[in-house]
Structure formats: C-alpha cells, structure tokens
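> Provided below for reference: sequence and predicted model.
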Amino acid sequence: MASGDFCSPGEGMEMLQQVCSKQLPPCNLSEEDLLQNPHFSQLLLSLSQHVDESGLSLTLAKEQAQAWKEVRLHKTTWLRSEILHRVIQELLVDYYVKTQDTDLTSEDRKFHETLEQRLLVTELTRLLGPSQEREVPPLLGLEKADLLELMPPSEDFVWMRARLPLEVEEQLKKKCFTVLCYHNPSSDLDSETLKAAKVWNLAEVLAGEKQQCQAAKSQQKEQMVLLEKKSATYSQVLLRCLALLQRLLQEHRLKTQSELDRINAQYLEIKCSAMILKLRMEELKILSDTYTAEKVEVHRLIRDRLEGAIRLQEQDMEKSRQVLNTYEVLGEEFDKLVKEYTQLKQATENKRWTLQEFNKACR
C-alpha cells in the first residue's frame, strides 16, 4: 500500500469510525488508535467494502437473503395449510361442545360428520405414506384402499366442500376480531362493519409498529455502541486524571507535610495547655469547696504548734549531737569503756535474773 492511501488526520476519520461502529462492532477503536495505526485503518476501510452491516461477505449475504426468501415462502405455505387445519379442528371442537348444550339441525350434523370423516381419512392416508416407497409392513396391515372405503359419499363431500369456505371464513373473521380487540380494546364496542374495516388495515398497522420497533431497536443498538465508546473514553480520561492527581500528590506531599506537622504540633500544644489549665481550675475549685475559712484557721494553728514542736526537737537533737561529738573526741578509750560498761551491765542483768529464779525456788 502507498503511504498516500492512509487516512490522514481529519480526512476519512469520521467514515472510518462509522465503519468500526456499524459494520465491525468488535472494533471499538478510538480516533487516537486509528491515527497511530494507519495500516490497520486502511485494512478496515478495504474490508468494509466487502462486508455488510452484519459482518458477512456481500456474496454470502446475497445467498443468505435468497435462502431466507425461500424459507419465508415455504413457511407461508406451511402456515396457510396449518391455519386451515387448525380452523377445521376448532370447527369440530365447537360442534361437539354445541351438541352437549343445544340440538343441531340435521344439515349441521351432516356437515360436521362428513368433515370429520374426510379429515380423519386424509390424515390416516398421509400417515401410511406412498406404498412404493414403504419397505416395512403398513400400520395395522392397512392399505390406502382400505381407508378410501371409509370416505363419505361423493354427494355429501361436494355439499360439505361448498359450505366449508363459508364456515372457515366465519371462523377466521372471529379470530381476526379477537386479534383486533386485543390490539385495540376500544374496538370491542364497534360495529361489525367497522371492525371489518379495521381488520383490513390491521396488517399494515402491525407492519408499521413492527418497523417502528425495529427502528427503535436499531437506534438502541447505536446508542449502546455510542455509550460503550463514551464509557471507554471516559474511563481513559479518568485513568489519566488519577495518574495526574497521584503525581501532584507525590510532588506536593513533602512540601505540605512539614507545614501540616507544625500546625498539628502547635494545635496539640495549645490543646494540652488548655487541658492543664482546666485541671488546675478543677483542683482549685475542689480545694475551695473542701476547705472553708474556719477550717483554714484551724489548720494554721495546728501548723504553728507543729512548727514549734519541730523547733524544740531540732534544739534537742543539736544538744545530743554536741554531746556525741564530745564523746567521739575521746577515741578508742571511750569505745573500750562503753564495751566494758555494756559487759558489766549484761552480767548484772544475768545475776539479777539468777537471783530472782533462786528466790522463786526457795519459796
């Protein structure tokens, strides 16, 4: 590829983003991603020319459309026969219900019995299948010829066949009116002619509502894709903002941390001072409540007397200290005399105790 084929900024970018959002939903790419990868952008543009909005190739999409068309044709044919079969079954069910409540005319009985007989023989014949293709024994040994013998008379069948479209038409009309009343409950009070007119346009109304629903779904899908793109963009922006905030915090944290610590320390210091003053105030309040003026005067007298006694004791202690100092001047001779005095005093005490014991014994 030539470099001139790549998408330049502002040229083809809008078309490329539409391709990524509609034809290639998994490619949720931003404009920045497309600008950074020009080769990939050119590949997406080339690929969009060969695929449709669902991601299929144009050839396969055409074949798929043709196949769906054939499927719809076969489905329509099958639905027609299935609707007719169910309407006939409902006619027979209504007939059996009516026989329990009312007496029907002979023509009605003949019509429904002929219809039931013809329907049963037809269904059983279909179950047996073609005789030339059957390799297993037939069910209950029956052949088609056996079942054809149970067919109603041809005159009754012709008469029933002529009346059947009218009965089917009446049954289908009731069903159409039921669908109309379900779709538009206010139509329940309309006349039969007005209901028939509304039923005639009901298919177009339902097709229009279906188209509106599909358009709403398509718009919702586009909105969801746009929401996902915006969510991805916002997420990237938020991540960049978080990274920027983290960087700013790391840069300014050391600058503001010291100032914050100083302010916190100053706050704690003031708080401690206030707490100490409050404790001192409480202490003084307790003292003022505990000690009255009379108690303080009595405590002052007691303190004066105690101080006088302390002075006398100090004087006596000073005299004793002087006497002790005088004795200490004598030195070792004084110690010998003290020891000798102590021994003599102890011996005297012993002899006195012995004399007392001796006197007790003499008595």
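The structure has been received and is ready for your questions. Numbering: from 1, shown residues only.

> quick check: what element follows the longest helix along the chain along the chain?
Longest helix of the chain, by residue count under DSSP state H: helix 192-290. Downstream of helix 192-290, the first helix or strand assigned by DSSP states H and E is helix 293-330.

> okay, now the unreliable bits of this structure?
For the chain, the stretches with pLDDT under 70 are 1-31, 33-34, 53-55, 129-149, 254, 327-328, 330-331, 358-363.

> pick out the residue closest to the middle of it.
With the centre of the chain defined as its mean C-alpha position, the nearest residue by Cα atoms, centre = their mean is S231, 17.8 Å away.

> show me what contacts it?
With contact set as Cβ atoms under 8 Å, 6 or more residues apart in numbering, S231 has no partners. Placement of C-beta: from N, CA and C, glycine included.

> please renumber the chain so that the first residue is 58 from this point on.
All set: I'll call the first residue 58, so the last point we hit is now S288.

> against M281, how distant is it?
Applying Cβ to Cβ, to the nearest Å, the value for S288 to M281 is 10 Å.

> T383: neighbour count?
Other residues within reach of T383, judged by other Cβ atoms under 10 Å, total 10.

> run a quick neighbour tally on K252.
Quick note: K252 (other Cβ under 10 Å) scores 20 neighbours.

> surely it is in contact with F234?
Yes. Counting by Cβ atoms under 8 Å, F234 is a contact partner of K252 at 5.4 Å.

> where does V108 fall, phi/psi-wise?
The phi/psi pair for V108 (degrees, to the nearest 10) reads phi -130, psi 160.

> and it, what are its bridge partners?
Beta-bridge pairing of V108 under DSSP bridges involves S114.

> returning to what we had before: how near is the residue nearest to the centre of the chain to Q276?
18 Å.

> for stretch 96-114, which positions count as buried?
Of the residues in stretch 96-114, 98-99, 101-102, 105, 108-109 count as buried by neighbour count, 16 or more other Cβ atoms under 10 Å.

> now distance to L344 and secondary structure too, for those residues, in a markdown table please.
A markdown table is the format used below for the buried residues of stretch 96-114 (distance: Cβ to Cβ, whole Å; DSSP: H, G, I helix; E, B strand; the rest coil):
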| residue | distance to L344 | secondary structure |
| --- | --- | --- |
| S98 | 90 | helix |
| Q99 | 95 | helix |
| L101 | 91 | helix |
| L102 | 95 | helix |
| S105 | 95 | helix |
| V108 | 97 | strand |
| D109 | 98 | coil |
